[in-house]
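1. need the 3D shape of this:
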Amino acid sequence: MLQAERYLRDQFAALGCEVAAHEFEACGGTYRNVVATRIPLTASARGEPPLILAAHFDTVIGSPGADDNASGVAVLLEVASRLREVPLGRPVRFIAFNLEEEDIPVGRQGLLGSLAYAAHLRATGQTMLGAIVLECVGYARSEEGTQQVPPGVPIAVPSTGDFLGVIGNAASAALTAAVEKAAQAHVPVISLVVPGNGELLPDTRRSDHAAFWHYDYPAVMLTDTANFRNPHYHQPTDTIETLNLDFIAKVVEGVTAAVRTLAEAKGPV
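-> Got it, this is the predicted structure:
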């Protein structure tokens, strides 16, 4: 993970971002989230609540993690690159979270990096426009029967696994709609807004967006639905050869459009 941290810091710095480490204590040690910020040129824009785009960079033991979650990190970096020359109406923070994965043999709970970061935001009284969290965004198939449906999902879900899921909670409904509207011109999108913090649909809580929900910040998860589509999820076979690069390119376009729409404008969603 230290090598991944260094790589991310170097890449974000090369893109002209202000890069910092957010340190937190967990599992008897000190860990870091990588936080890179694109600062607007004008003072009024710098004072606007930031937009967060995030992805976790750790993997489960024994899995290369190409989809989970190198795909999310790759999109994170590419969107940061594409926003390099874009005039912004607010700061954009690109965050690579550590310790998202739950490690059953070690007995470690997941979402540790994002929970620590969201707790820091709340404790220091910081506001934000919202967070867009990238979680497994690289696996897609066009064959019938390649998409499964999580238990209890109340909307129609296609049986072909070639769409991007956009998951928000009730407090994030406006953010969810804005992301869906901007992204759907570039990639097929299925969106779902869950009541409360998704307690009735635990499969909608399995990434870092849930940490922001916990601290009452608006957040959405963008996902290929992980194990409900990808048979290599958390397996040694989760390698780059299994990914759909054309789909990832569409996700990049969709996420870039969503971030630009939200970051170029001032005020609430």
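2. residues in contact with stretch 256-266?
-> The contact list for stretch 256-266, computed with CB atoms under 8 Å, 6 or more residues apart in numbering, reads 44-45, 48, 51, 53, 78-79, 82-83, 86-90, 92, 129-130, 132, 175, 178-179, 181-183, 185-186, 269. Every residue, glycine included, has its C-beta placed from N, CA and C.
3. where does pLDDT dip in this structure?
-> Low-confidence segments of the chain, defined by pLDDT under 70, are located at 104-108.
4. the strands in it, which residues?
-> Remark: strands of the chain, listed N- to C-terminal, are 18-26, 29-38, 51-56, 92-97, 130-135, 164-169, 189-194, 219-223; assignment by DSSP state E.
5. tabulate these (CSV), appending distance to residue 249 and mean neighbour count.
-> What follows is the strands of the chain, written out as CSV (distance: least, CB to CB, whole Å; neighbours: other CB atoms under 10 Å):
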stretch, distance to residue 249, mean neighbour count
strand 18-26, 26, 15
strand 29-38, 22, 19
strand 51-56, 17, 27
strand 92-97, 19, 25
strand 130-135, 14, 27
strand 164-169, 12, 26
strand 189-194, 15, 20
strand 219-223, 15, 29
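6. distance to residue 142 for those - can I get that in TSV?
-> Formatted as TSV, the entries for the strands of the chain read as follows, by distance: least, CB to CB, whole Å:
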stretch	distance to residue 142
strand 18-26	39
strand 29-38	35
strand 51-56	25
strand 92-97	31
strand 130-135	22
strand 164-169	14
strand 189-194	15
strand 219-223	18
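7. which helix of this structure spans the most residues?
-> For the chain, the helix with the greatest residue count under DSSP state H is helix 245-264.
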